[in-house]
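Asks: Have a look at this prediction, sequence included:
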Amino acid sequence: MVAESRNLNRRLDAARKAAERIAQTDALTGLQNRRAMTQYVDQLITGRVPFACMHMDLDYFKSINDTFGHAAGDYVLRAVAQVLNTETRAEDCVARIGGDEFVLIFVRVTDRVFLQRIAQRMIARLEEPVQFDQHVCCISASAGTSISIDYPNPDPDVMLSDADRALYASKKAGRGQHRFAKDHQSEPPQHKGFNSPAEEKQKGRPPRAALCCVIRPSYAVAKAPMTGRRRARSSQPAG
């Protein structure tokens, strides 16, 4: 009787943990979701662990959906998730918080030079063409970062809002760039609806990745496997 009770408790505990993982996971990409990211940041702040909060938004992603359909868009989002996973560590948090918006939490990383290098490398990788069926889809990304040590009392909402302002500054500067929050605190936080590729072209700026969406013969395309990878992560901050 005791053994049966223990087995039942173990099964119930395993089911509860599985449900928690599902509740904290983005179904499309396998990344963390906003809820998981918020909980992780709260843990870091409570534990006084320094971190950087990078808010990233894809550039020209809407043109992928509009031109090739949502299946292509979903494929690109999974490809983006793979890039972000490979550019971060197990103790970091990579979350999809919106359609084409991501937040990356870098634990115990506060050096601006290092963060700038990481951001530039990720953006460069995201600008590499993604092949989907007969289509070649190209995007870019803009990002903004806030750093916890810049705040006497870090607050998750304030840090994310400041990172969003820095992201807006990157968009305003021409997209495909990265900025730091403390350099752009006067920028408005709203960045959606910024100049379209057509508007940029009218202003004399080539729309970069937006022009890369082309159709190629099917025999020239080899679709890469998109098996997602979810990294094991402790429920507590790395110590």
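Replies: Here it is on my side, so go on. Numbering: from 1, shown residues only.
Asks: Find me the pLDDT at L12, would you?
Replies: With respect to pLDDT, L12 has a value of 63.
Asks: D57 in helix, strand or coil?
Replies: Classification of D57 by DSSP: H, G, I helix; E, B strand; the rest coil places it in strand.
Asks: Could you pull up the residues touching it?
Replies: Residues near D57 by Cβ atoms under 8 Å, 6 or more residues apart in numbering: 100-102, 141-143, 167, 171, 191. For glycine as for every other residue, the C-beta is placed from the backbone atoms N, C-alpha and C.
Asks: In strands only, show me these.
Replies: Secondary structure of these is defined by DSSP state E; positions in strands are 101-102, 141-143.
Asks: so can I have TSV of the contacts of D57 showing neighbour count, distance to A23 and pLDDT?
Replies: Shown next, in TSV, are the contacts of D57 (neighbours: other Cβ atoms under 10 Å; distance: Cβ to Cβ, whole Å; pLDDT from 0 to 100):
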residue	neighbour count	distance to A23	pLDDT
D100	20	22	97
E101	18	20	97
F102	26	19	98
A141	29	27	98
S142	27	29	98
A143	29	27	98
L167	28	27	97
K171	22	32	95
H191	21	28	44
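Asks: ok, so of the ones in strands among the contacts of D57, who is nearest D26?
Replies: The closest of the ones in strands among the contacts of D57 to D26 turns out to be F102 (Cβ to Cβ; 9.6 Å).
Asks: Give the closest residue to that closest one in space, chain neighbours not counted.
Replies: M56 (4.6 Å; Cβ to Cβ, 6 or more residues apart in numbering).
Asks: Wait, that neighbour touches G98, no?
Replies: No: contact criterion Cβ atoms under 8 Å: M56 and G98 do not qualify, at 10.7 Å.
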